[in-house]
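Undergrad: for reference, the sequence and a predicted model appear below.
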Amino acid sequence: MQAFTHLRALAAPLEGRNVDTDQIIPARFLKKNRDAFYKNYLFHDLRFDEHGAPRPDFILNRPPFKGAQILVADENFGCGSSREGAVYCLADYGIRAILAPSFGDIFFNNCLKNGLLPVRLDAKVLAAIRQTLLKSTETNDSARDITIDLAACTVKAPGLNAPQIFTMDPFWHECLLKGVDELALTLSYANDIENFEQQHRSAHPWLAS
């Protein structure tokens, strides 16, 4: 998967608590193969009407936020049933990071395993960011950019006087920075593991007999 180190990208404010995985990808699309069309299932029933036409009021369909790579969400994002498809369609759409006060536990872990960065920040801070993004009248997309430095665990966003610091499990921090999953990270230490085993066998030869 793609390494995540530093990202400056357009951010879209997504209002509403408890956005569940069925809203992220409706269950009827889970049987679909993950192909070039998978990104079209993201927020399908929110993005499109019953005729398949884009809903102009949905945030990702609005011109200032088209092509956003960062979502600024509300409480309990990704709650509901367990489905990796929710993360797949977000990633395939181009979303690299989600900022929220809290996440569904399974969704949060699925994000980490697929290289999509979930960041927990204070709810009041995120509400202020969303309001700033929504009220922005700048024609330049950079006015709606958010900068995430994963190495430093900081977020810079419009309307904030100072960077926000977030925390992350050290194991997943290393995985994301290197762009590897659990297995690939373990294999990257193959030489160290082999050296340890050789030294252990030399020091305790009777264990190998």
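TA: Looks like it arrived, so ask away. Residues are numbered from 1 along each chain as shown.
Undergrad: what ranges does this protein have for its helices?
TA: Along the chain, counting by DSSP state H, helices occupy 21-24, 44-47, 85-93, 105-113, 123-135, 170-178, 182-187, 190-203.
Undergrad: which one of those lies nearest to P63?
TA: For P63, the closest of the helices of the chain is helix 123-135, at 13.5 Å, according to Cβ to Cβ. Any C-beta I mention is one placed from the backbone N, CA and C, and that applies to glycine too.
Undergrad: so, low pLDDT: which residues of the protein?
TA: Counting by pLDDT under 70, the chain has low-confidence residues at 137-141, 182-190, 192-194, 200, 207-209.
Undergrad: show me the domain layout of it.
TA: 6-178, 180-209 (automatic domain parsing).
Undergrad: tell me the most buried of those domains?
TA: domain 6-178 (a mean of 17; mean count of other Cβ atoms under 10 Å).
Undergrad: circling back: and the helices of the chain as JSON lines, adding distance to E15?
TA: Putting those into JSON lines (distance: least, Cβ to Cβ, whole Å) gives the following:
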{"stretch": "helix 21-24", "distance to E15": "12"}
{"stretch": "helix 44-47", "distance to E15": "11"}
{"stretch": "helix 85-93", "distance to E15": "17"}
{"stretch": "helix 105-113", "distance to E15": "18"}
{"stretch": "helix 123-135", "distance to E15": "7"}
{"stretch": "helix 170-178", "distance to E15": "27"}
{"stretch": "helix 182-187", "distance to E15": "34"}
{"stretch": "helix 190-203", "distance to E15": "47"}
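Undergrad: who wins for proximity to T5 among the ones you listed?
TA: Nearest of those to T5, taken as Cβ to Cβ: helix 170-178 at 5.9 Å.
Undergrad: what helices or strands is that closest one leaning on?
TA: On a contact count with 3 or more Cβ pairs under 8 Å, 6 or more residues apart in numbering; DSSP states H and E, helix 170-178 meets helix 105-113, helix 182-187.
Undergrad: can I get the first one in CSV, CA atoms only?
TA: It stands for helix 105-113. Provided in CSV are the C-alpha atoms of helix 105-113 (Å, rounded to 0.1, in the frame of the first residue of the first chain):
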residue,chain,number,x,y,z
ASP,A,105,-13.6,0.3,16.2
ILE,A,106,-13.6,-2.2,13.3
PHE,A,107,-13.7,0.6,10.7
PHE,A,108,-10.8,2.3,12.4
ASN,A,109,-8.7,-0.9,12.2
ASN,A,110,-9.7,-1.5,8.6
CYS,A,111,-8.5,1.9,7.7
LEU,A,112,-5.0,1.3,9.2
LYS,A,113,-4.7,-2.0,7.5
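Undergrad: what's the angle from that helix to helix 170-178?
TA: 40 degrees (axes from the mean of the first three to the mean of the last three Cα atoms, to 10 degrees).
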